[in-house]
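**Student:** What follows is a predicted structure for the sequence shown.
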Amino acid sequence: MANSKYEYVKAFERENYLLPETYIVIRVDGKGFHKFSQHYNFAKPNDLQALQVMNAAALEIMKRYSDVQLAYGDSDEYSFLLRRKCDLYERREMKLCTLFASLMATFYTLFWNKAHPERPIELEQVPTFDARAVSYPSFEIVRDYFSWRQVDCHINNLYNTTFWGLVKKGMTPQEAEQRLSGTVSSDKNEILFKDCGVNYNNEPEIYKKGTILVREFDEYKSEATPVTAVSSRQRQKQDKLRRKARIEKVHVDIINNNPWWDARPWLRE
Ligand SMILES: Nc1nc2c(ncn2[C@@H]2O[C@H](COP(=O)(O)OP(=O)(O)OP(=O)(O)O)[C@@H](O)[C@H]2O)c(=O)[nH]1
Ligand SMILES: [Mg+2]
């Protein structure tokens, strides 16, 4: 009710507006997916169908929000890069985080049920996600951010692949853990090859590199004009182009891969 005597309670609300002209990254992460993966019998170390459900949910978010230029995901997490000039919900942090987390949970449930009609999501174990938003002042830091997530994917995947490789060869989980303690990357590669007969290089790219969803433009025109100088008609036109751009799914190395980033100048804008 407008102008009631209770209106004053609104004065207690606080809002964080993410800094203008900075890149926003929103990362969603599955809550308690260790348990979730056990409940739904995920394949170890990687469950391809579960990863595809994450990818489908993230793609759906990207389709809805043209400000998302790039998304990177592995395991139970996804990071979304919003363009520097994005004004989605006036850059209100709470609005963005709650929205992305709830969309992810809803889409995850829908796509999971579609992929597993025989094993639909049950009330006692529903997928939920937390979300955080960070604003980064330079594109170099954005690249380092995504490199950080991909390095994390690589480290976890090499460990998990070796661990489960040893367990499949007859070790107990404790023995496998002990065998891997103190080892570096090259040791794990060697253990995998010698003890498990697995060449890590031949493992699927989606497991080793994670998934990148990226908006691709055939004809790209720079938007490098100050935000105030762009008319609302121009802005609508640019938004339409972003909506029309195709979204591609790739599993490539983005760590220190300058040519990959440089070939997509719109990610900088
Ligand atoms: N078996 C299997 N487990 C997976 C897969 N993807 C994710 N997981 C599980 O999900 C966990 C994700 O890691 P975290 O996000 O650190 O753990 P979490 O249990 O979700 O905990 P919080 O995020 O802190 O709530 C992994 O440690 C695995 O246990 C998969 O493809 N196969
Ligand atoms: Mg998690």
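**Tutor:** Nice, I can see it. Ligands and ions are numbered 1, 2, ... in the order given.

**Student:** When you work out contacts or count neighbours from here on, use the C-alpha atoms and nothing else.
**Tutor:** Fine.

**Student:** so where's this structure uncertain?
**Tutor:** Under the criterion pLDDT under 70, the flagged ranges of the chain are 1-2, 223-229.

**Student:** make it 80
**Tutor:** Low-confidence segments of the chain (pLDDT under 80): 1-2, 219-230.

**Student:** what ranges do the helices span in it?
**Tutor:** 33-39, 48-64, 93-115, 139-168, 173-180, 185-196, 205-209, 232-244, 258-262 (DSSP state H).

**Student:** Relative to ligand 2, tell me which of these wins on proximity.
**Tutor:** Comparing the helices of the chain by their distance to ligand 2 (Cα to the ion), the top pick is helix 33-39, with 5.2 Å.

**Student:** Just give me how far that closest one sits from the chain centre.
**Tutor:** A distance of 19 Å separates the centroid of the chain from that of helix 33-39, by Cα atoms, centre = their mean, to the nearest Å.

**Student:** Then stretch 11-31?
**Tutor:** 16 Å.

**Student:** Kindly report the same for stretch 39-54.
**Tutor:** From the chain centre to the centre of stretch 39-54 is a distance of 16 Å (Cα atoms, centre = their mean).

**Student:** which other residues reach it?
**Tutor:** For stretch 39-54, the surrounding residues in contact (Cα atoms under 8 Å, 6 or more residues apart in numbering) are 73-76, 78, 108, 111-112, 115, 119, 125, 157, 160-161, 164, 207.

**Student:** Can you flag the buried ones in those?
**Tutor:** Buried residues within those, counting neighbours by 16 or more other Cα atoms under 10 Å: 73-76, 78, 108, 111-112, 157, 161, 164, 207.

**Student:** ok, so of those, who is nearest residue 67?
**Tutor:** Of all the buried ones among the contacts of stretch 39-54, residue 67 sits closest to residue 78, with 15.8 Å by Cα to Cα.

**Student:** Please tell me how far residue 133 sits from ligand 2.
**Tutor:** Residue 133 sits at a distance of 16 Å from ligand 2 (criterion: Cα to the ion, to the nearest Å).

**Student:** Report how many residues lie close to the nearest residue to that residue once chain neighbours are set aside.
**Tutor:** Residue nearest to residue 133 in three dimensions, not counting chain neighbours: residue 26, with 4.3 Å by Cα to Cα, 6 or more residues apart in numbering. For residue 26, the count of nearby residues is 23 (other Cα atoms under 10 Å).

**Student:** wait, residue 26 sits on residue 130?
**Tutor:** No. Taking contacts as Cα atoms under 8 Å, residue 26 lies outside contact range of residue 130: 10.2 Å.

**Student:** Next, show the common contact partners of the two.
**Tutor:** Residues touching both residue 26 and residue 130 by Cα under 8 Å, 6+ apart: residue 97.

**Student:** Just want the most central residue of this structure.
**Tutor:** For the chain, the residue lying nearest the average C-alpha position, counting by Cα atoms, centre = their mean, turns out to be residue 78 (1.7 Å).

**Student:** thought that one was touching residue 28?
**Tutor:** Yes. Assessed by Cα under 8 Å, residue 78 is found in contact with residue 28 at 5.4 Å.
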